[in-house]
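Asker: Predicted coordinates and the sequence they were generated for:
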Amino acid sequence: MKKGFTLVEMLVILIFLSVIALMAIPNITNMIKKGTDDKYNVFLNDVFLATEAYLQKHADDYPNLNVEGLNTYIYMSDLVDEKYISTSLVNPKYCIDDECTSKAIAVCSNDNCIVDDYTIIVTKDEDGKYKYELVNGIADE
């Protein structure tokens, strides 16, 4: 008697494994995306906390800061120059394993990133709370 699998048995196993893979791949992709999103939210929180600390010290330099609905523009290079942000901070959406794209963040641990490439827009809302937005590039004032 010969030992081994028949063609039909091999096809059944192959189909079974394919079905499992088709169900698993979207879940794995979503988990990776969620991990990147979580890292990006932590990154944004760090940038916005640094911006808040910077504005507490330099509030007099920004007259629009306390006017409801008007934008105040803070440049990433200012936060870096005054050491509110570490030069090793990276944007997880654009830097993976120390490889950064042109949209990385002003602050990277390698030479691929540009220091003054981001702007934080701060706006005071009707409740007196500040809203922060990070934009790529130098925003028009």
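Answerer: Ah, there it is.

Asker: CA atoms for contacts and neighbours, from now on please.
Answerer: OK.

Asker: tell me which helix or strand of the chain sits lowest on mean pLDDT?
Answerer: The weakest-scoring helix or strand in the chain, judged by mean pLDDT, DSSP states H and E, is strand 99-100 (a mean of 60).

Asker: Check which helices and strands the helix or strand following that strand sits against.
Answerer: Following strand 99-100 in sequence order, the next helix or strand is strand 118-124 (DSSP states H and E). Helices and strands touching strand 118-124, by 3 or more C-alpha pairs under 8 Å, 6 or more residues apart in numbering; DSSP states H and E, are strand 71-75, helix 76-81, strand 130-136.

Asker: one more time with 6 Å, if that's ok
Answerer: Under the contact definition 3 or more C-alpha pairs under 6 Å, 6 or more residues apart in numbering; DSSP states H and E, strand 118-124 sits against strand 71-75, strand 130-136.

Asker: which outside residues touch the shortest one?
Answerer: I take that to be strand 71-75. Contact with strand 71-75 is made by Asn64, Leu65, Thr119, Ile120, Ile121, Val122, Thr123, as judged by C-alpha atoms under 6 Å, 6 or more residues apart in numbering.

Asker: and it, which strands flank it?
Answerer: strand 118-124 (antiparallel) (DSSP bridges).
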